[in-house]
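In: Give me the fold of what follows.
(chains A and B)
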There are 2 protein chains.
Amino acid sequence: MGVQAIPVTRSWSTRHAEKKRRIEAVRSWMDGPILQADRILDAMHLLIQAGDRIVIEGDNQKQADFLSRSLAKADPKKLHDLHLIISSISRPEHLTLFELGIAKKIDFAFAALGLRVAQLLEDGVLEIGAIHTYVELYARLFLDLTPNVVLVCAEEADKGGNLYTGPNTEDTPVIVESAAFHDGIVIVQVNRIVDKLPRVDIPSSWIDVVVESDRPYAIEPLFTRDPRKITDLQILMGMMVIRGVYERHQVHSLNHGIGFATAAIELLLPTYGESLGLSGKICEHWAINPHPTLIPAIESGWIKTIHCFGSEVGMSDYIRARPDIFFNGSDGSMRSNRVLCQLVGQYAIDAFIGSTLQLDGDANSSTVTAGRITGHGGAANMGHDPHGRRHASPAWLDLKTDPSPMVRGRKIVVQAVETFVKGDTPAFVETLDAVQVGRKAGMPIAPVMIYGEDVSHVVTEEGIAYLYKTEGIEERRRAIAAVAGISPIGLRAKPEETAALRRRGIVAYPEDIGVQRLSAKRSLLAARSMEDLVAWSGDLYKPPARFRSW
Amino acid sequence: MGVQAIPVTRSWSTRHAEKKRRIEAVRSWMDGPILQADRILDAMHLLIQAGDRIVIEGDNQKQADFLSRSLAKADPKKLHDLHLIISSISRPEHLTLFELGIAKKIDFAFAALGLRVAQLLEDGVLEIGAIHTYVELYARLFLDLTPNVVLVCAEEADKGGNLYTGPNTEDTPVIVESAAFHDGIVIVQVNRIVDKLPRVDIPSSWIDVVVESDRPYAIEPLFTRDPRKITDLQILMGMMVIRGVYERHQVHSLNHGIGFATAAIELLLPTYGESLGLSGKICEHWAINPHPTLIPAIESGWIKTIHCFGSEVGMSDYIRARPDIFFNGSDGSMRSNRVLCQLVGQYAIDAFIGSTLQLDGDANSSTVTAGRITGHGGAANMGHDPHGRRHASPAWLDLKTDPSPMVRGRKIVVQAVETFVKGDTPAFVETLDAVQVGRKAGMPIAPVMIYGEDVSHVVTEEGIAYLYKTEGIEERRRAIAAVAGISPIGLRAKPEETAALRRRGIVAYPEDIGVQRLSAKRSLLAARSMEDLVAWSGDLYKPPARFRSW
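Out: A predicted model of the protein is given here:
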């Protein structure tokens, strides 16, 4: 052997031995992998240890809330200083764990409860490892954040421990894989234990403990937008996007962030889009949650495939009846998969369009507002130009502005934003609130959602800025100002400069691309209410009660 | 409903019905999901149809070769014009399918048989859809390249159709998921049908047809490098990387491309790295195939975790005996996963280091050489700075050169290349061969592997160019020239400019970072032969015969 080589004498299966020891300690309460539900707290005291790194499944949508509520009842003298890894901080008890001292450190991707996170951080009750996008956080589960225990949820288990996760599969497979294949302990809450599953989504070889929850896992209808609330301005922006982005660049595949502006686009395809003869030419393939506002475009034959990050409350029956469109299994129900859908959204689609709360003069954006640490979720992954992409598509090539074969194409990343939020708060600002929030929280860099350099188009009710065509930072800023209305950024625009940008096709106002402002009316929407969506679906879509007025 | 809304009357389950029809046609040759092996060709004629889009599992390592060999025996009058999707074109019969007219179009990521691909393309026998990286190709399976049939391979199946894919899981789960959840047909060749699997990697609900192959699936030991062939120059470069990149930036997590330069680094950690006191400070977490040359660093306690894209021939027993390091399942054997490991390599690691065959004066690189269409594989994904990343690490922040909170950190992307390939062919060239190959093949852009703008460091036997520190393209070019030796690019360097770059820390020669050229000797390697690696492993590593001299 070589010089200075010092082989280490050690056990190489410490994790395996420790897992075995813990599981043995709870064996008497188990029948195969099934744990008696009333023993969950006792079992947690034995399966988890102080200082452990644990994942609680708190996805963008579904929540392993029986397990998180149980953990919040643990004895902090026994269970303390846990390092919590969670995609989305969205249940009150996630933060109660910190107030009680059960958990100390957190790594996360998104915080619905961002105000309380900021307060706990300031009080020194909670320590942040880092704030990630979803896929970054999952990636670290296989690198430097390998978990000791994961707490996840599924629809059903059979008595052997096989799982059916169904339409809302979301993040469960990747979380379970990280633990099952590195001697972590996998604890699953299921809504029901049954004799036979519709299909197996996760095999029992990967599962240690199954427990039937007191009630079905919590889930929010995050992607439902009532068409009633779509405004004429959002319809105008939607028309501009269809005309000036989707038609212009031949956008065949895409992702829409959630919001009323994108809902408007979805509802304009079968009407305004149809009138332009664009069916079959744009918007055929989607990586997106099953937005109910997609129903009319599906029913009108616009959409060929939809792959989903998660599902959406009320959409299950409709999805089951449209297997040519969605990714359904042999049992007929959908399987979503956030990791794979993020992969599609990053590497395969032509265009991403999202909204934001604030945009600065360089088109950097953030949803962070004063005192609130919200995190990044998944938009940053969709909303950047992936330099690792190597295959071309017509849209990708259409953004190539240099004929050299050494210059790549580019992903279309659109920020669609009204110049003012709620009437009097400008969306275009000198400095993002994120800068101040990041500084106060001691973050090494500001929590920017999408960087201006990755944005190819900004769309407002004023017009479209084709940023990918600009040369140099100054021209870029002028193009942004030209569509920023009377916001502080917009007031920087000089009429003669804007006129020149319009002549060169770097800025387009509605009339420049044949969009008539006066025709931007709600009557253009293929559905104008939740009832309309239900009718389009042939009564297969079942909106949650809060969205029903009938 | 809204105006101009035209609901379509159609069947929404055409794929489901078609799949059912085809499966019924072969039912009489099946026992549950198990197909009689001698019926495979007959079954293919019924399960596949002319014009179908099919995936053949041809991974970076394992190959569904029983199925590809069988398909190549099909009757081109019945089966023709298939659209083939394949990660790696590496078996002769993959291309025979085109010569026989069974297949017409191909979408792929890598071509080991790049010369023949180029010839068939020129002859009009083969039509290329696009050339991808691995993850892009998988992504499109869920978007616009949804397959009708997938042909994959696994180690074992049970009689119900559950699969054990074991250490070389690689791409099988993602390929199967794309078909199983969109009414594609999943056909699996397995080495053995057994009563009980060690564990289930893919559940039977996802599988349609299982067939026992005539011999175990083909697999190549792609990641094995014999330490005997490591040269003093590669050792010098390895020392520079350890000193000038890993120590300098505190690289805790990383990926190594394959090659002798990176193998040298791996074998220097327990010797040179140890002498610098760096154990526990660098190179703890890896996203990498299980390179045998990692064994000494593992045994010396340098490495905490390794997550793998695939496995490596001969490493199974060793991996099984080191569960604290690798990702092994409840049965003790590893599960690799290319999609997840790519995710780790893209979003979670501090550094990627790879070699290349050609680098131009802007640090663009390619492995494409004259007349050979090789594709991209996975390096482009590891080897770019992902703009979607939002969490910080010390190394990532160390490359931030602007104190503004609006400026991100950066991934370390190192190109390690000797200035001359095989003695007299310069690695640094005026124009990449890829430009000419791309033009001849009618590609919209040149097949560049890694773009210069994403490269943070270039390391040669001359020194290190810290490109991330340069200001402007001219200074960047000067820094590259300064380490390019007497290649055409290197000859552009002016001594006074290089001296200035060294003073400013933009270029470092070995002596600038305390690396003594004379100490770069093979005696520094922790293992100098395959026998040494076997000894380090306690005889657990079993090299393939071609690597054995004993």
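
In: Residue A:301 contacts residue A:284, doesn't it?
Out: No. At 10.2 Å, residue A:301 does not count as touching residue A:284 under the criterion of CB atoms under 8 Å. Placement of C-beta: from N, CA and C, glycine included.

In: who touches both of those two?
Out: Residues touching both residue A:301 and residue A:284 (CB atoms under 8 Å, 6 or more residues apart in numbering or on different chains): none.

In: Please compute how far stretch A:530-547 lies from its chain's middle.
Out: 24 Å (CA atoms, centre = their mean, to the nearest Å).

In: Return the residues in contact with residue A:219.
Out: Counted by CB under 8 Å, 6+ apart, residue A:219 has contacts A:61-63, A:168, A:313.

In: meant to ask about residue A:373, not that
Out: Applying CB under 8 Å, 6+ apart to residue A:373 gives the contacts A:111, A:114, A:117-118, A:121, A:128, A:131, A:437, A:441, A:447.

In: Now name the helix or strand holding it.
Out: Assigned by DSSP states H and E, residue A:373 falls within no helix or strand.

In: rewinding a little: mind checking which of the contacts of residue A:373 are in strands?
Out: The members of the contacts of residue A:373 that map onto strands under DSSP state E are A:111, A:128, A:131.

In: was I right about residue A:358 contacting residue A:431?
Out: No. Residue A:358 is beyond contact range of residue A:431, at 9.2 Å (criterion: CB under 8 Å).

In: Look at those two and report which has more neighbours.
Out: Ranked by neighbour count (other CB atoms under 10 Å in any protein chain shown), residue A:358 and residue A:431 place residue A:358 first, with 22 against 14.

In: Tell me where the stretch 101-250 of chain A has helices.
Out: A:114-122, A:134-140, A:172-180, A:232-241, A:248-249 (DSSP state H, counting those that start in this stretch).

In: ok, the third one near chain B or not?
Out: Yes. Part of helix A:172-180 sits near chain B under the criterion CB under 8 Å from any CB of the partner chain, namely A:174, A:177, A:180.

In: The second one: how many residues sit nearby?
Out: Neighbour count of residue A:177, defined by other CB under 10 Å: 25.

In: OK, contacts around it?
Out: A:206, B:335, B:337, B:340.

In: from the residues you listed, which single one is nearest residue A:427?
Out: residue B:340 (37.2 Å; CB to CB).

In: The closest one falls within a helix, correct?
Out: Yes. Checked against DSSP: H, G, I helix; E, B strand; the rest coil, residue B:340 lies within a helix.

In: In contact with residue A:166, which residues?
Out: By CB under 8 Å, 6+ apart, the residues touching residue A:166 are A:154-156, A:198, A:201, A:311, A:333-335.

In: Quick check: chain neighbours aside, which residue is closest to the residue nearest the centre of chain A?
Out: In chain A, the centroid-proximal residue (CA atoms, centre = their mean) is residue A:378; its distance is 3.9 Å. With sequence-adjacent residues excluded and distances taken as CB to CB, 6 or more residues apart in numbering or on different chains, residue A:378 is closest to residue A:134, at 4.9 Å.

In: Next to chain B in this structure, residues from the stretch 451-550 of chain A, please.
Out: Close to chain B, as judged by CB under 8 Å from any CB, the stretch 451-550 of chain A has residues A:451, A:453-454, A:523-528, A:532, A:535-536.

In: buried subset of those residues?
Out: Neighbour counting by 16 or more other CB atoms under 10 Å in any protein chain shown classes A:451, A:453-454, A:524-528, A:532, A:535-536 among those as buried.

In: what comes up buried for the longest helix anywhere in chain A?
Out: The residue-count maximum for a helix in chain A (DSSP state H) belongs to helix A:14-26. Across helix A:14-26, burial judged by 16+ other CB under 10 Å covers A:15-16, A:19, A:22-23, A:26.

In: List, out of these, those positioned next to chain B.
Out: When contact is defined as CB under 8 Å from any CB, these meet chain B at A:15-16.

In: Adding pLDDT as columns, could you present the buried residues of helix A:14-26 in CSV?
Out: Below are those laid out as CSV (pLDDT from 0 to 100):
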residue, pLDDT
A:15, 98
A:16, 98
A:19, 98
A:22, 98
A:23, 98
A:26, 98
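
In: re the thing from before, min pLDDT across the contacts of residue A:219, which one?
Out: Minimum pLDDT for the contacts of residue A:219 is recorded at residue A:61 (93).

In: Who are the contact partners of that one?
Out: Listed by CB under 8 Å, 6+ apart, the contact set of residue A:61 reads A:168, A:170, A:219-220, A:222, A:310-312.

In: now do 6 Å
Out: Neighbour list for residue A:61: A:219, A:310 [criterion: CB atoms under 6 Å, 6 or more residues apart in numbering or on different chains].

In: helix, strand or coil for it?
Out: Going by three-state DSSP: residue A:61 is coil.

In: Any chance you could note which residues of the stretch 251-400 of chain A sit beside chain B?
Out: Within the stretch 251-400 of chain A, the positions adjacent to chain B are A:253, A:270-271, A:274, A:285, A:299-301, A:307, A:322-324, A:327, A:329-330, A:335, A:340, A:343-344, A:347-348, A:376, A:380-381, A:384, A:387-388, A:390-392, A:397 by CB under 6 Å from any CB of the partner chain.

In: I am finished for the moment; much appreciated.
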